[in-house]
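> kindly return the folded structure for what I paste below:
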Amino acid sequence: MNLSFIEPYVSVPLRDILDFDPQIILTCGHHTWQTPRPLCRGCRSDDPPCQRDVNFLTTQKGWRQTSAARERNIYPVACDVLCRPGPRLIDGVERLADIFLTHSGKHAHRLLGLR
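Residues are numbered from 1 along each chain as shown. Take a look at the predicted model:
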């Protein structure tokens, strides 16, 4: 894992992600029906994640093997509400709460041990 902080993003090898098999994936980006957000000021990425449709992960080799992709539990979260300190962090926490509550509600039967 590269934690040098020289690059704008931390790179995690796909093999590590597949071994973990996430049930939920949170990523910058947008849904198909949403307009991409403007680039963050100072963005240095040639292919910024915030400009991608999050559903592309369901079609990418490797990623589509994750539980999150198979069950379509991939959620966009605006980087400006989580990556920058300030009052919008509250908006980010509220967005995360909505996602986790929605996901747990979708799978309440599993949490309660029901079939």
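
> starting at the chain centroid, how far to the longest helix that the chain contains?
Secondary structure of the chain read by DSSP state H shows that its longest helix is helix 89-106. Here helix 89-106 is found 12 Å from its chain centre; the criterion is Cα atoms, centre = their mean, to the nearest Å.

> offset the numbering so it begins at 840, please.
All right, first residue 840 from here; so that's helix 928-945.

> what's that helix in contact with?
Gln862, Ile863, Leu865, Asn912, Tyr914, Val916, Ala917, Val920, Leu921, Leu950 (Cβ atoms under 8 Å, 6 or more residues apart in numbering). (Glycine included, C-beta is placed from N, CA and C.)

> roughly how far does the second one sit from Thr897?
According to Cβ to Cβ, to the nearest Å, Ile863 and Thr897 sit 14 Å apart.

> now do the shared contacts for those two.
Ile913.

> surely Arg927 meets Val916?
No: applying Cβ atoms under 8 Å as the test, Arg927 and Val916 come out as separate, 11.7 Å apart.

> these two: who's more crowded?
Per other Cβ atoms under 10 Å, whichever of Arg927 and Val916 has more neighbours is Val916, with 18 against 14.

> measure the more buried one to Arg854 for me?
In terms of Cβ to Cβ, Val916 sits 24 Å off from Arg854.

> repeat that for Gly881.
31 Å.

> and these two? which has more neighbours close in?
More crowded of Gly881 and Arg854, by other Cβ under 10 Å: Arg854, with 9 against 6.

> which stretches of this structure form helices?
Counting by DSSP H, the helices of the chain are 853-859, 906-909, 928-945, 947-950.
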